[in-house]
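K.L.:
kindly generate the corresponding structure for this input.
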Amino acid sequence: MDPRFQEIPRERVADRIANELLRLITSGELAPGERLPGERQLADMMGVSRVSIRAALQQLKTQGFVTAVQGGGTRITAAADQLDSALSQLVRSNRENLHDLAEIRAKLEVWAARRAAQRATPEQRAGIDRAFVTMSAEGRPSRFKAEDDLNFHLAIAKGSGSAVYLHLMSVLGDILEQMLAFHRYSLYASPADDQRFNQQHRAIWSAIKARDGDAAAAAMEDHLNTVLSRYEEDDPATVTTNGQTSGSGDEPGSPVG
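P.N.:
Numbering: from 1, shown residues only. Next comes the predicted model:
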């Protein structure tokens, strides 16, 4: 036999499934923290057996791409919990660290807004639209404004089409949600602030909708510079050493994050 030619190993169905799921993860189509359909549903959608699905998921679990959900199911691995915990402690212990995180977030989100305007798929654009419509709905209770804010920015993150950026966002974990709660209920708690934020979010949304990357980046930069300016003006006493805000307005202070 000619030694230059070697037998090509047959690829198991489970390997092909694992490779396809990995492609969806690395492309960002499956986002960090997203829960996968059940084994039966995946098997039906992919036209394979549940045994093959189970074997493929086990491969991805071993490689660290997915993890089991308590109570059953599987989700895409978001980030190392220890990293998220360490970042939380850094931010809670020092106001300057919180300011640094806000600055870093601003730079990343300006990039993401530009990318979303240029590359978001129709489905991703629809997600951004839904998030904006929800957050700007007349009569929307104020208790949802931090959650709505987070969902809008996460929709833009998905619209960036970058698996790397989505995983960077996942590293922030709960700390991003806490940071936004601090912004919306302490730094910017008045009705006038809410109106200003709504106008800024509308400018970001409109630019992304128009596929204008420069305008989207500029609108996001203007929005996040507003937040950063308050850090510089605000009295450090509004954040205590254990990371609790003294706060004001119609909502209690949230843990800083």
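
K.L.:
which helix runs longest in the chain?
P.N.:
helix 95-119 (DSSP state H).

K.L.:
so which bits of it are buried?
P.N.:
95, 98, 101-102, 105-106, 108-110, 112-118 (16 or more other C-beta atoms under 10 Å). No exception for glycine: its C-beta is placed from N, CA and C like everyone else's.

K.L.:
which is the succeeding secondary structure element to that helix?
P.N.:
Using DSSP states H and E, the helix or strand that directly follows helix 95-119 along the chain is helix 122-135.

K.L.:
avg pLDDT for the helix or strand in which residue 15 is found?
P.N.:
For residue 15, the element it lies in under DSSP H and E is helix 13-26. Averaging pLDDT along helix 13-26 yields 88.

K.L.:
what helices or strands is that helix leaning on?
P.N.:
helix 50-63 (3 or more C-beta pairs under 8 Å, 6 or more residues apart in numbering; DSSP states H and E).

K.L.:
skip ahead from the helix it packs on and say which helix or strand is next.
P.N.:
Sequence order places strand 66-68 as the next helix or strand after helix 50-63, per DSSP H and E.

K.L.:
returning to what we had before: give the buried residues for the helix holding residue 15.
P.N.:
13-14, 17-18, 21-22, 25.

K.L.:
same question, stretch 50-63
P.N.:
Buried positions in stretch 50-63, judged by neighbour count with 16+ other C-beta under 10 Å: 52-53, 55-57, 59-60.

K.L.:
and it, how far out from the chain's middle?
P.N.:
26 Å (C-alpha atoms, centre = their mean, to the nearest Å).

K.L.:
in terms of pLDDT, where does residue 237 sit?
P.N.:
pLDDT, residue 237: 39.

K.L.:
returning to what we had before: what mean pLDDT does the helix or strand following the helix holding residue 15 have?
P.N.:
Downstream of helix 13-26, the next assigned helix or strand under DSSP H and E is helix 39-46. For helix 39-46, the mean pLDDT works out to 93.
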